[in-house]
Each structure stands twice: as structure tokens, then as C-alpha cells.
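> coordinates only, no sequence provided:
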């Protein structure tokens, strides 16, 4: 099985979605006892860096993150042209039931910049509806939610 790493690095320069907290804050916890260990306390906004939005985030009766399968057969779609991403992009893609459809737009190159949250790629509503109608289990996109 081929693994696809979708994660972006998380560090003190990581940004969070505008209007939320500062992203990440790292706090060094000093040695408190002789022979103790050095540790850090991490405060992380849930929309900082790579994250997963569960159906419950958008649908009142939706499932939580623990219910979302992450190991699935995949279709990776490379697309860097128009925004929003059109529904006809999947024309001719057979057998999407139960698959993870991952859109690679190149937007990750803007990660860590203020521009990451401006003009980023989105799915057209027609494409979102087509993904649901075709039984897609998971959708991944390299832009902010």
C-alpha cells in the first residue's frame, strides 16, 4: 500500500485561519525536580496547519473525527487552473465509491504566508455534489478549509 503524506509542518510560524487564535504557541516547561525531564506545553488551534474537518463540523447529526476512515484507496487529481474546481474534472473517472479523492493544486507552497488564506482553491458546489453522489468517502484539498 502506498502512503500519501498530506501534512504540512507545524511550528511556531504556523498560521491559523483568520479570526481564530494565533495558531500555535510553544511553552518550555523547566526542570522542576533534580533528574526530571525537559518538556514543552503546546497550545494548538484546531485550524492550524493540516487538519481534518469531520462531518459533525458542518452537519448537526454528522459523525465525529474518530468515525472518518483515513486508510482508503485513492484518486489523486492534479489541477492548477481555474477556481473553483469544476465538476467536469471528474468526468471519465470510474469507480469512486469508497475512495479518497485528493486534489493537488500546488497551493501548499503558500503555507506559512498571509497569502495562504486569500484566493485559495475551492471545490465548486457542483463538484461537491458530484463527489457525494458518486459515493466518495473522503475529500482532501491542499488549501485552507
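Sure thing, it's come through. Keep in mind that what you see is a predicted model, and the values were worked out from it rather than measured.

> what residues are up against residue 101?
The contact partners of residue 101, taken as C-beta atoms under 8 Å, 6 or more residues apart in numbering, are 74, 75, 77, 90, 131, 136, 138, 139, 140. From N, CA and C alone the C-beta is placed, and that goes for glycine too.

> from the residues you listed, which land in helices?
Among the contacts of residue 101, DSSP state H puts residue 131 in helices.

> of all the contacts of residue 101, which comes closest to residue 58?
residue 139 (12.1 Å; C-beta to C-beta).

> one step back: dump the contacts of residue 101 to JSON lines, plus distance to residue 49, neighbour count and pLDDT.
Formatted as JSON lines, the contacts of residue 101 follow (distance: C-beta to C-beta, whole Å; neighbours: other C-beta atoms under 10 Å; pLDDT from 0 to 100):
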{"residue": "74", "distance to residue 49": "21", "neighbour count": "15", "pLDDT": "91"}
{"residue": "75", "distance to residue 49": "24", "neighbour count": "16", "pLDDT": "92"}
{"residue": "77", "distance to residue 49": "22", "neighbour count": "16", "pLDDT": "92"}
{"residue": "90", "distance to residue 49": "27", "neighbour count": "18", "pLDDT": "91"}
{"residue": "131", "distance to residue 49": "24", "neighbour count": "19", "pLDDT": "96"}
{"residue": "136", "distance to residue 49": "24", "neighbour count": "19", "pLDDT": "96"}
{"residue": "138", "distance to residue 49": "18", "neighbour count": "16", "pLDDT": "93"}
{"residue": "139", "distance to residue 49": "18", "neighbour count": "16", "pLDDT": "94"}
{"residue": "140", "distance to residue 49": "14", "neighbour count": "16", "pLDDT": "92"}
